[in-house]
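> Give the three-dimensional model of this entry:
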Amino acid sequence: MQKTGVGIRVLNFLVDTLLIFGITYGASAWWDFHVMYWSYPPAQFYTLFFMVLFIYYTIFEALFKRSPGKWLSKSKVVNKNGGKPAFWQILVRSLVRLTIIDCFFIPFFDGPLHDYLSQTAVTEA
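Coordinates of the predicted model:
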């Protein structure tokens with residue numbers, strides 16, 4: 001089980017964040033249309049962004065153990081034993097990603113906070 005380096009993790013982050021931003025932009029435009037014509041309550045872009053982020057990572061990592069960024073870099077999410085992570089571990093990963101301080105733990109835990117708290121790792125596929 002070969003853990004991925006920081007460079008691969010950054011590539012995963014950039015690809016996934018661009019996709020999440022695009023999905024959120026489309027969802028925001030769709031929602032704004034309904035606000036204008038159907039009197040839906042308005043939603044802030046950042047609220048939709050965090051909702052899409054949570055759903056995106058939860059679905060992709062629960063079903064495939066990978067997100068599109070991880071497919072591009074040929075890496076996957078595993079538990080500490082190298083097996084498929086449990087659903088609770090995926091939920092913890094997705095929830096902790098919503099915090100701003102997630103990436104600041106890389107020097108202390110040899111990975112981001114969401115890996116440490118969920119007891120998972122990203123390895124080569």
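
> Tell me how far residue 6 lies from residue 107.
Computed as CB to CB, to the nearest Å, the residue 6 to residue 107 distance reads 10 Å. Where C-beta positions appear, they are placed from N, C-alpha and C, glycine not excepted.

> who has more neighbours, these two?
A count of neighbours by other CB atoms under 10 Å puts residue 6 above the other of residue 6 and residue 107, at 11 against 7.

> Disregarding flanking residues, what is the spatial nearest neighbour of the more buried one?
Counting by CB to CB, 6 or more residues apart in numbering, residue 6 lies nearest to residue 106, which is 6.9 Å off, once chain neighbours are set aside.

> Am I right that that neighbour is in a helix?
Yes: looking at residue 106 with DSSP: H, G, I helix; E, B strand; the rest coil, it is inside a helix.

> In this structure it contacts residue 13, no?
No: assessed by CB atoms under 8 Å, residue 106 is found out of contact with residue 13, at 11.5 Å.
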